[in-house]
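**Student:** after the sequence you'll find the predicted model.
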Amino acid sequence: AHHSASASEDSKAIGSRPDHQHSKASAGTAPSIDQQVSFYYTRDLNETSSFWEKIVGLPLVLDQGVCRIYRVSKDGFIGFCQRKTARRDTEVTITMVSDEVDEWHRHLKEKGVRFMESPPSTSAGFQHDYNDGPTLNPKFNIYHFFFKDNN
């Protein structure tokens, strides 16, 4: 893993560690996975970063210049990378799980976040205006809501 010279101490939480030891996985079994980072592309890294830091409130753990990585949970991270050819019409659903769904909806609504008025195509036949708040989706048995990053 590559770390920038300006990386904070917290950034060492991502990627390989200096004290890395060889896998203890036996033949035929997969080695362990300690962390997970999903990366998404954006045309405007500063605007995207502002949304995820100031509106959603995720802590920045590594700034690589053209990519920024945020902590979502103890060992889960999300990264955004600047790319001129990033497509805005690509549908992506990022799922964050919390026991505080109502509180998250209230927090984001207070920050002026845009909520979806109908769910993605995977929830065909289920209609709800998420501006009104979270709801239980009977098809997937989840209490949830959808919101949009403007980028």
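**Tutor:** Cool, got the structure.
**Student:** so Arg106 sits in a helix?
**Tutor:** Yes - under DSSP: H, G, I helix; E, B strand; the rest coil, Arg106 falls within a helix.
**Student:** let me know the pLDDT of it.
**Tutor:** Per-residue pLDDT puts Arg106 at 93.
**Student:** is the most centrally placed residue in the chain in a bridge, and if so with what?
**Tutor:** Centroid check for the chain by C-alpha atoms, centre = their mean gives Ile78 as the closest residue, at 4.3 Å. Taking DSSP bridges as the rule, Ile78 bridges to Ser38, Tyr70.
**Student:** that one against Ile69, yeah?
**Tutor:** Yes - if you go by C-beta atoms under 8 Å, Ile78 and Ile69 touch, sitting 7.3 Å apart. Glycine gets a C-beta too; all of them are placed from N, C-alpha and C.
**Student:** who touches both of these two?
**Tutor:** Overlap of the contact sets of Ile78 and Ile69 (by C-beta atoms under 8 Å, 6 or more residues apart in numbering) consists of Val37.
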